[in-house]
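> What follows is a predicted structure for the sequence shown.
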Amino acid sequence: MDNLIALLVAAPLLGAAVLLCGGRRLDAVGHWIGTALAASSFVIGVVLFADMLGKNAEHRTLTQFLYSWIPVGGFQADVAFQLDQLSMTFVLLITGVGSLIHVYSIGYMEHDERRRRFFGYLNLFLAAMLLLVLADNYLLLYVGWEGVGLASYLLIGFWQHKPSAATAAKKAFLVNRVGDMGLSIAIMLMFTTFGTFTFGPVFEAAGGASEGKLTAIALMLLLAACGKSAQVPLQSWLGDAMEGPTPVSALIHAATMVTAGVYLIVRSADIFNAAPDAQLVVTVVGAVTLLFGAIVGCAKDDIKKALAGSTMSQIGYMILAAGLGPIGYVFAIMHLVTHGFFKAGLFLGAGSVMHGMNDEVDMRKYGGLRTYMPITFVTFGLGYLAIIGFPGLSGFFSKDKIIEAAFAKGGTEGWILGGVALLGAAITAFYMTRVMLMTFFGEKRWQPDENGHEPHPHESPKVMTIPMIVLAFGSVFAGGFFSIGDRFLNWLEPVTGHSHGNPPVSALTVTLSTMVVLVIGVAAAYAQYGRRPVPVVAPRGSLLTRAARRDLLQDDFNHVVLVRGGEHLTRSLVYVDHTLVDGVVNGTAASMGGLSGRLRKLQNGYARSYAVSMFGGAAILIAATLLMRAV
Amino acid sequence: MNPVNYLYLAALLFTIGATGVLIRRNAIVVFMCVELMLNACNLAFVTFSRMHGNLDGQVIAFFTMVVAAAEVVVGLAIIVSLFRSRHSASVDDASLMKL
Amino acid sequence: MSAQLAAAATLSAGTSTGEAFQFWVLGTVAVAGALCTVFMRRAVHSALCLAGTMIVLAVFYLANGAYFLGVVQIIVYTGAIMMLFLFVVMLVGVTAADSLKETIKGQRWLALVCGLGFGVLLVAGIGNASLKEFTGLGQANANGNVQGLAALIFTKYVFAFEITGALLITAAVGAMVLTHRERTERAKTQRELSEERVRDGRQLPPLPAPGVYARHNAVDVAGLLPDGTPAELSVMQTLRQRGQIRDVSAESINDLKALEQRSEDRLERSNSGSGKGSNSGEASK
Amino acid sequence: MSFPLLTATAALPALGAIATAAVPAARRTAAKWLALVVSLATLALAAIVLVRFDPGGDRYQLTESHAWIKAFGVRYELGVDGIAVALIALTAVLIPFVILAGWHDADPLETGNTRWRPTQGFFALILAVEAMVIISFEATDVFLFYIFFEAMLIPMYFLIGGFGDRAHEHGEETASTQRSYAAVKFLLYNLVGGLIMLAAVIGLYVVAGNFSLTEIAAARANGSLHMATNTERWLFLGFFFAFAVKAPLWPLHTWLPNAMGEATTPVAVLITAVVDKVGTFAMLRFCLQLFPEASKWATPVILVLALISIIYGALLAVGQRDIKRLVAYASISHFGFIILGIFAMTSQGQSGATLYMVNHGISTAALMLVAGFLISRRGSRLIADYGGVQKVAPVLAGTFLIGGLATLSLPGLAPFVSEFLVLVGTFARYPVVGIIATFGIVLAALYTLVLYQRTMTGPVKTEVARMPDLRVRELVVVTPLIVLLIFLGVYPKPLTDIVNPAVKQTMSDVHEKDPKPAVEAAK
């Protein structure tokens, strides 16, 4: 059974290799190969899952040692996998949603002549992501970590002929690279602290290390998480990442990759538990991003960017929960899974809408689509209800738990975090309702585009709608399935541990207040966008709105400080290198030349001046001899 | 008086001659200065021979004279041909040893 | 012979006050001569001063018991070599005085510094060499200085002597080779020369003779052309080159004027008588 | 005695060079094939060396030793340790690709150079360089090493100054002047370094009485040869300076961009991937073995310089307008990493540095050669002249991207292993230095991706519109390199197994031990 783990990774990797090296002759069947391999990986996952369920909680952790990767002195890195409940959860999510999105892409990318390549990249992503969650040491995890980064780079920039796409891809990779820096430093710290970076030993030894070191490690891990999961201050790339094809946004930038940060933190629970200060920072980051993403989401008119904002804020929830320690780990993951479902569904819905509106993304040019594309409307609507936490749907359970946990943190922190979480819930309700209304309700607002053909919205083909339906099911029932009888809790607890904390307020109160804010949010949105018609051209809006449209000026800050500053630095350095460093050398050469030119003048060809030197020489010789005699 | 003074005198004359060689431009005068130096040497030799009480010093001086004579002959010949070729006897005119 | 012995006796270790006196006097002369040799502007003067110095040195040789050398010095050096110098000097131009102005930058100072340093060092060297006692040439010159030298030259230094002989011959040949100019082309005949002269319109008739008028029959006075201007050609080329022409045209012309004046006067006087006569004649009519 | 394998490995390319040069000018193609065959044969010999070498065995194996100049006790001593074997293998692997990539570069018909240049000369010179590089990896006699370390300059000089690619924005004349400038600069820099080293070599002889690395090292180890502290330091500096110029280390680096920019791409690869490695290799073999104390004494300064090289090189790479110069500055940054690893004095650092030499050789070769193919198509080295190539020539773009990803040391490709080892090794002893060096990886991503974005993506420029994709010859060059990159990234163990024992030896030479982990120390 253990040996199957490697297959999980191998299958999509093989797919990527075949599709990318296969060449044009595979164009016809490429997408089928890719989908089949993704699905096979899912099947293997399910088999392993069934096997795991068969065992009791203690023996559920499988490991597989492939070979020793980098053995140098005390530095022993192996290629070895570890499959426990946490990993298993991710494996199922990744391969499941992944396979669905493969299917969806078959339809979505139908008219793209580079579809084979697209599926290659998708498979590559799956492989890297699985490697990430299956690795049994941080270095191997790092490989997966950067692998998904690469895949996301390739997929965001899939339409490279669009400069915006290329830039977005580069930006995503660079920002992630900053996070990766954090991860690599964390690994180095682990190596110097524990002499290893394999999960088991590290977590055992974690107790022995000084808190300072642990905090440092934890913070570095957090930096990595921020990069990958688009948390403040490294969130700026996610919005631009929407340049990629919509399935990519659904799979990578909503369901799976961006949640890797949460995985990392939960996986490193033992380290974080031992570093409370770091945990506090985590919660703060989570809370801030939560609001940040929500606010951005309210202002965007680009449907995908709006969803991206919401993704940010939802992951904010997860990070927040993960920061709460044992109280929140489980719920973080749970929300992660449910979010995986409904957010993927939402994105696929958005994709379907764009598909029908020949790639129009501006919601102000939508409106009243529910009649044109009913399935999309329904699935999207279910996803919407799920994400705002409509009672009984997935989001309701998972988010509610997180808010409770936030309060349960206790103390003023608890209140603040809980409050923020509530506020976030309200805003979520607001902007999601806004999206919903602007897209599917009201009268139609689309006009013929510049070359004059009117978009005639139509429902997407089956191959696209079926995945959406499946995901819709997920987003409806997953939460309930997990929560009833604390299934998910019992499933994960052996890995992450769990504690109830001390809730200052009863769960019921929290739920009720959530409901209240939810209603407020929806009502506000309805008042804004449901009652009165939506202007096709966005109004100037308040200062906050304008800021939010510009991602709260994050990019402007980066541009001014990093890009401009960097450009000036490099330019001046180029100048310095040419004039100073090189100048010194050339200057030396020149001065040598000048000197020799001067010495040359001594050779003036006059016999008499030569005679003088001869004579002087003679004098010196005599002097020398005399001195010798004297001494 | 101590005959060493002769040596001092010789040294003095030699130096004067040498300086002359360096200062004068006229080849003939330069030549004369060389002669002066030779003579100074001769004086020194003679004094030495008196000092050591044997005649070898004088023999050397004698040879010096002979060689000097030969040298003068050739040297003057050179000067004459030089003068013929470039109507001047200045040593600086023959400054072709420049790069 | 006895004189020589006596001389030899005097040439014992010490030196007589007479010799000291002689040394100081002649030494000064020698140094002065040397300095003049260096600093005289005309080669001739330098040569003469050098000759003087050499003679002084000859005397010193004698005083040091090198009789043969002393004589040789006077005859060969002062007599032959210096004369050779003088020949050359004359050849180059006896009056050509070369300026002592230094052309090479810093050369003079370097030279002086070096010279000074060198001299000081030499003196220092001699000074701290222990040269106290003198054996003197007593028995070396016992049976004649010349004989002694001869003995040495023809026994001990015979090879050196022979080689010097070879050297002298070589030198002589060398001097000839250097100064001898080989005629490369055929000598021109009278006709050719005269045709050449006609062709490039040079003075055809023989040159005019210098020294017109009895007063000036010297070769350095240019003859006068009819208009009284001096005829350069009438003076020999060397003098012309050296610019040693005495121009007498001006004074001779003045003399002419004076002459005419005087004849005028004389004529005046003879005319005056007749004049009166005529006047009176007109008056009688 | 047994068959002199090492001598053969070095001699074969040397003879090949002579033979190639002897080919008549009319038969250029024959010369090319001859050179290729010779380099492949050398590769085979190197493979035999690799096989015959026993990682567990003595430090120096396959040794040969003959008296050479008795008067100075100079001996012809060869021997390889793991590090040398790895680098010899690298050289032998790269040269065939260099030759293949330069197939047309020296061909007057192809390059359209008005001045006819002997093609076979080009290949003969390349083989000569290979021979010299290999023997300086093998030499265990300081003097022998020095000779070839210096002699290398001669063929390199002609390769840089004599042959350039057409791709120059200012036409052939400026190109040639620039070339000669670059060549002279290269020569002078390395010559100065070499002369200083010569002084140090002589000094070493004066102190030690012979040139044999093994004997001196042994004598140093067992204390029978004692050096005064200052003597040792001066000698160390003498050696190190030469190697730092060759490596090159900031601020002695300025010759590299000129040389790599002006030379043809194969030669540029030769410089940075093969020749410069001699410098870093020599630091590891000579500086540390002969002058352990002095090395430790100089470590802080060297680390700082290495750091500067890393950051500075990367930043300048970002600022370049010229593809080849960009790669050159990137290499400067990478050499910073190598030197950092060497002088971190940890087994991770030094193994990492050795791996880095190999990996950097391969990755730079891949990137630079593909860049060369790109340049040869468009005839310009300016990044601004490209755009949208990806759409026209996807394979070219793909290989270029892989080369770039290797340069930014993406996990899964070989350079990552070495770079991470270097970083960990440095961090273990000097945490701050390690962290600063880590910024290098971000900058690496920056310049690589910017280069890729500007050249390969975006709308298709008209000039590149009908650019052909990679030809068979070019694929033959690139594919093996990429495969090698991936293999060594996924399974570097074979390499580490060879290198580790040698590094252990070096560590013991400098009397250093890896720092112990904090927690175990706590226990």
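On my side now, so go ahead. Numbering: from 1, shown residues only, chains lettered A, B, ... in the order given.
> ok, A:Arg531 - how many residues close by?
9 (other CB atoms under 10 Å in any protein chain shown). Where C-beta positions appear, they are placed from N, C-alpha and C, glycine not excepted.
> Kindly report the same for D:Asn210.
The burial count for D:Asn210: 17, using other CB under 10 Å.
> Before we move on, what's the pLDDT of it?
If you check D:Asn210, the pLDDT there is 83.
> Next up, phi/psi of it, please.
Main-chain dihedrals, D:Asn210, degrees, to the nearest 10: phi -150, psi 180.
> all helices of the stretch 251-400 of chain D, in order?
D:255-262, D:265-269, D:276-282, D:288-290, D:292-319, D:323-343, D:347-378, D:389-392, D:394-407 (DSSP state H, counting those that start in this stretch).
> Report pLDDT for the spatially most central residue of chain C.
When CA atoms, centre = their mean is applied to chain C, the residue found nearest the centroid is C:Val44 (3.8 Å). At C:Val44, the model reports a pLDDT of 88.
> Please verify my assumption that D:Ala8 contacts D:Leu45.
Yes. D:Ala8 is within contact range of D:Leu45, at 5.9 Å (criterion: CB atoms under 8 Å).
> what separates the residue nearest to D:Val417 when sequence neighbours are not counted from chain B, distance-wise?
Excluding its sequence neighbours, the residue lying closest to D:Val417 (CB to CB, 6 or more residues apart in numbering or on different chains) is D:Pro492, at 4.8 Å. Distance, D:Pro492 to chain B, using CB to the nearest CB, to the nearest Å: 61 Å.
> Repeat that for A:Leu7.
83 Å.
> Buried residues in the host helix or strand of that residue, which are they?
If you go by DSSP states H and E, A:Leu7 is part of helix A:4-22. Buried residues in helix A:4-22, defined by neighbour count with 16 or more other CB atoms under 10 Å in any protein chain shown: A:4-16, A:18-20, A:22.
> Specify the angle between that helix and helix D:394-407 in degrees.
Here helix A:4-22 runs at an angle of 130 degrees relative to helix D:394-407 (axes from the mean of the first three to the mean of the last three CA atoms, to 10 degrees).
> which residues touch helix A:4-22?
Here helix A:4-22 makes contact (CB atoms under 8 Å, 6 or more residues apart in numbering or on different chains) with A:26, A:30, A:33-34, A:36-38, A:40-41, A:44-45, A:47-48, A:62, A:64, A:66, A:81, A:83, A:91, A:95, A:116-117, A:119-121, A:123-124, A:126-127, A:130-131, A:134, D:398.
> what's the model's confidence in the helix or strand that that helix is followed by, averaged?
As assigned by DSSP H and E, the chain's next helix or strand after helix A:4-22 is helix A:30-54. Averaged over helix A:30-54, pLDDT sits at 90.
> Let's verify B:Asn54: helix, strand, or coil?
Secondary structure, DSSP: H, G, I helix; E, B strand; the rest coil: B:Asn54 is coil.
> what pLDDT does the residue nearest to it when sequence neighbours are not counted get?
Nearest non-adjacent residue to B:Asn54, counting by CB to CB, 6+ apart: C:Ala140, 5.4 Å away. Looking at C:Ala140, its pLDDT is 73.
> Tell me the backbone dihedrals of C:Ala140, please.
Torsion angles, degrees, to the nearest 10, at C:Ala140: phi -60, psi -40.
> before we move on, the earlier item: out of D:Ala8 and D:Leu45, name the residue with the larger neighbour count.
A count of neighbours by other CB under 10 Å puts D:Leu45 above the other of D:Ala8 and D:Leu45, at 21 against 15.
> pretty sure the more buried one is touching D:Ala92, no?
Yes. With contacts counted by CB under 8 Å, D:Leu45 reaches D:Ala92, the gap being 7.4 Å.
> so what sits against both of those two?
D:Thr9.
> does chain C sit close to the worst-scoring helix or strand of chain B on mean pLDDT?
Ranked by mean pLDDT, DSSP states H and E, the helix or strand of chain B with the weakest confidence is helix B:56-86, at a mean of 88. Yes. Using CB under 8 Å from any CB of the partner chain, helix B:56-86 reaches chain C at B:56, B:58-59, B:61-63, B:65-74, B:76-81, B:83-84.
> Which residue is the nearest non-sequential neighbour of the one residue in chain C that gets nearest to chain B?
Nearest to chain B in chain C, going by CB to the nearest CB, is C:Thr135, at a distance of 3.1 Å. Closest residue in space to C:Thr135, ignoring its immediate chain neighbours: B:Gly53 at 3.1 Å, by CB to CB, 6+ apart.
> same question, D:Ser180
Per CB to CB, 6+ apart, closest to D:Ser180 is D:Gly161, 5.2 Å.
> so how far is chain A from that neighbour?
17 Å.
> so that residue is in which element?
helix D:153-162.
> Helix D:255-262 and that helix, what's the angle between them?
50 degrees.
> Show me which positions of helix D:153-162 end up buried.
D:Leu153, D:Pro155, D:Met156, D:Tyr157, D:Phe158, D:Leu159, D:Ile160, D:Gly161, D:Gly162.
> What lies in contact with it?
By CB under 8 Å, 6+ apart, helix D:153-162 touches D:117, D:121-122, D:125-126, D:128-129, D:132, D:179-180, D:182-184, D:186-187, D:190-191, D:194, D:259, D:262-263, D:267, D:270-271, D:275.
> could you flag which of the residues you listed are buried?
Looks like those have D:121-122, D:125-126, D:128-129, D:132, D:179-180, D:182-184, D:186-187, D:190, D:194, D:259, D:262-263, D:267, D:270-271, D:275 buried, using 16+ other CB under 10 Å.
> Provide a list of residues in contact with the residue in chain B positioned nearest to chain C.
Nearest residue of chain B to chain C: B:Gly53, at 3.1 Å (CB to the nearest CB). Residues in contact with B:Gly53 (CB under 8 Å, 6+ apart) are C:Phe134, C:Thr135, C:Gly136, C:Leu137, C:Gly138, C:Gln139, C:Ala140.
> quick one, longest helix in the chain?
Using chain A. helix A:163-194 (DSSP state H).
> if you could check chain D rather than the one you did, that'd help
Per DSSP H, chain D has its longest helix at helix D:171-208.
> Please name every helix or strand in contact with it.
helix A:582-600, helix D:142-151, helix D:153-162, helix D:213-221, helix D:229-246, helix D:255-262 (3 or more CB pairs under 8 Å, 6 or more residues apart in numbering or on different chains; DSSP states H and E).
> Output the fourth one as CSV - backbone C-alpha positions only.
C-alpha atoms of helix D:213-221 as CSV (Å, rounded to 0.1, in the frame of the first residue of the first chain):
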residue,chain,number,x,y,z
LEU,D,213,51.3,19.5,-3.2
THR,D,214,51.0,16.1,-1.5
GLU,D,215,54.4,16.4,0.3
ILE,D,216,53.9,19.9,1.4
ALA,D,217,50.4,19.3,2.6
ALA,D,218,51.6,16.3,4.5
ALA,D,219,54.5,18.2,6.0
ARG,D,220,52.1,21.0,7.0
ALA,D,221,49.8,18.4,8.5
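> That helix - what's its average pLDDT?
Rounded mean pLDDT across helix D:213-221 is 84.
> Same check on the third one?
When pLDDT is averaged over helix D:153-162, the result is 88.
> Just the angle for it relative to helix D:171-208, thanks.
Using the same axes, to 10 degrees: helix D:153-162 against helix D:171-208 is 170 degrees.
> three-state assignment of D:Leu62?
strand.
> Near it, how many other residues are there?
Neighbours of D:Leu62 under the rule other CB under 10 Å: 24.
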